[in-house]
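Engineer: structure of the sequence below:
(chains A and B)
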Amino acid sequence: MYVKGPSPVTQIAPGDLAPQIHASRRSLLTAGFGASILATAFSALTGRSASALQPSSGIEEDREIMKLAMGLELTARDLYDLAGAAGADPVVTLAMREQHESYAQALAGTSGGSASTRNEAVFSQFRSGFSSADTSAVARVAYDLESAAVATHTELLGLLSEASSARLIASIISVEARHCAVLADLAGLGNNLDALLVNTADPISFEDQ
Amino acid sequence: MNETTPTTSSESARRFDRRSMLRAGGITVSLGAILAACGEGRSGLEEPGRVGTATPGTSLLEGPIDDLTYLRTAQSLEHTAIDVYETALGLGVLDATATAVVRRFIADHGEHSAAIGRLISGLGGEVFNCANPWIMERTIEPILERIQSSDDPTRDVLATAHALESLAGATYQLFTGMLSDPQLRKAAMTIGAEEQRHAATLAMAITGTPAGYVSPALFGEELPRTDAGFPIPYAIASTFGRLGAQDLVVGARDADGARLTIGLQTPAENSYVYEFMNC
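Structural biologist: Numbers count the residues shown, from 1 in each chain, chains lettered A, B, ... in the order given. Sure, this is the predicted structure:
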């Protein structure tokens, strides 16, 4: 269950997905990941030099991490908007769109900011896949996005110091994991237990953004 | 004719005070003597009185509650699920597809238990490779009893599996906020996400697709039940992961026309696997 491999839905090896998703687990697990991810996030969010980042406490670090998670949720919301506008199944795309927006708002509340900054790199990567009226095709791409989101949030849990932050992220992971199972079925893989049950995605790396 | 001498108000007050004091003191002494007599030589139970024939309550287990407690409890839930699935397979009521799914779930829970066991050992604790004793006795055994005499055991096995997987997912979510070490939280939620996918897969199998994808409650609609009154499971039942009780209805109707209705609760002090507990 813990061996990562190609996505059972798209059959794309994790290394081929995109610059944002490649080799992220290795980089996330390096000792310097916390500072790196925070520096990048700080720079992206504030426009200030990453070297200016001086987290003063666990709470401040958590806020920056929660902003990264929030950006990912806003990206997912906007991508489902594309699918809905293109004519994909309205029930699933609307439900998931609304849930990602709720997550972004909750994360913004915790991080003390407003839910306004999506992750442009991830949005660009998935944009064309979501811009389709073919529900099954959208489901395949959405499966990869949701799987990556679950992997990313799970990785962030290992960086968060505050239990309250961890509780929120955990409650999001619980439902996004269910999204994956639904999307596998919607993609026509309802008889494929690996597609339904196993997350082979790597976490999204924020290092290059 | 007796003449009375008028008295001043201050003299009257003085007399009243003296008389009142004597009377009050006498009453106090008398009541004290009565109470002392009643209380002397009493024996018997000192607990509050009980009315009726209800089973006396059990005392709450006490022990340190820490990361090891949470992990051992989580591991016990994995074995609870394995025991339930093995019992279900023994009933012979599942078709080939459902049997394959159950066998896969048994394997997954075995891997989860092994992963949790490694975390426990890493913390210097003792693994708990057994079902949760409190949950088995209070919840699972009555459910299995009803399933064995059910009017539709297949329906009940699948509903029980869905409730158990949802409970396991909720438990890992709950414990993620209670574990002290971020790396343990991450490990717990890695497993928790898989339990949630188990639950979602079962919901789709039970309810069918696309009807079983998304709960109508998320669109502000009423939650329907089946014609027979059973709750309908959905793969996506809420916006945030639920921690509340997992409602389960199983078994044939009893003489009053009711089925066993039970709420599976996430573990708490009464069902934790404390460090002093062994298999």
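Engineer: number of residues surrounding residue B:252?
Structural biologist: The number of residues packed near residue B:252 is 14, by other Cβ atoms under 10 Å in any protein chain shown. All C-beta spots, glycine's among them, are computed from the backbone N, C-alpha and C.
Engineer: find the nearest non-adjacent residue to it, please.
Structural biologist: Excluding its sequence neighbours, the residue lying closest to residue B:252 (Cβ to Cβ, 6 or more residues apart in numbering or on different chains) is residue B:151, at 4.2 Å.
Engineer: confirm the one you found sits in a helix?
Structural biologist: No. Residue B:151 is assigned coil when assessed by DSSP: H, G, I helix; E, B strand; the rest coil, not a helix.
Engineer: quick check: it vs residue B:160, distance?
Structural biologist: Using Cβ to Cβ, to the nearest Å, one gets 15 Å for the distance from residue B:151 to residue B:160.
Engineer: those two: who's more crowded?
Structural biologist: Here residue B:151 and residue B:160 are compared on neighbour count by other Cβ under 10 Å; more neighbours surround residue B:160, at 25 against 11.
Engineer: ok, the more buried one to residue A:203 distance?
Structural biologist: Separation of residue B:160 from residue A:203 (Cβ to Cβ) stands at 34 Å.
Engineer: can you pull the pLDDT of the residue nearest in space to the middle of chain A?
Structural biologist: Of all residues in chain A, the one closest to the mean position by Cα atoms, centre = their mean is residue A:149, 2.6 Å from it. Confidence per residue is given as pLDDT, and for residue A:149 that number is 98.
Engineer: how about the helix or strand hosting it: buried residues?
Structural biologist: In this structure, residue A:149 is located in helix A:135-157 according to DSSP states H and E. Within helix A:135-157, the residues that qualify as buried by neighbour count (16 or more other Cβ atoms under 10 Å in any protein chain shown) are A:135, A:138-157.
Engineer: what helix or strand does the residue of chain A found nearest chain B sit in?
Structural biologist: Using Cβ to the nearest Cβ, the single residue of chain A nearest to chain B is residue A:174, 2.7 Å away. For residue A:174, the element it lies in under DSSP H and E is helix A:163-186.
Engineer: cool, residue B:170 as well?
Structural biologist: Assigned by DSSP H and E, residue B:170 falls within helix B:153-176.
Engineer: just give me how far that helix sits from the chain centre.
Structural biologist: For helix B:153-176, the gap between its own C-alpha mean and the chain's C-alpha mean amounts to 14 Å (Cα atoms, centre = their mean, to the nearest Å).
Engineer: which elements pack onto it?
Structural biologist: helix A:163-186, helix B:67-91, helix B:96-122, helix B:141-148, helix B:182-207, strand B:246-250, strand B:260-264 (3 or more Cβ pairs under 8 Å, 6 or more residues apart in numbering or on different chains; DSSP states H and E).
Engineer: mind listing what the nearest residue in space to residue B:263 that is not next to it in sequence touches?
Structural biologist: The shortest distance from residue B:263 to any residue other than its chain neighbours is 3.3 Å, reached at residue B:245 (Cβ to Cβ, 6+ apart). Contacts for residue B:245 were tallied using Cβ atoms under 8 Å, 6 or more residues apart in numbering or on different chains; they are B:263-265.
Engineer: are any of these buried, and which?
Structural biologist: With neighbours counted using 16+ other Cβ under 10 Å, the contacts of residue B:245 contain these buried positions: B:264-265.
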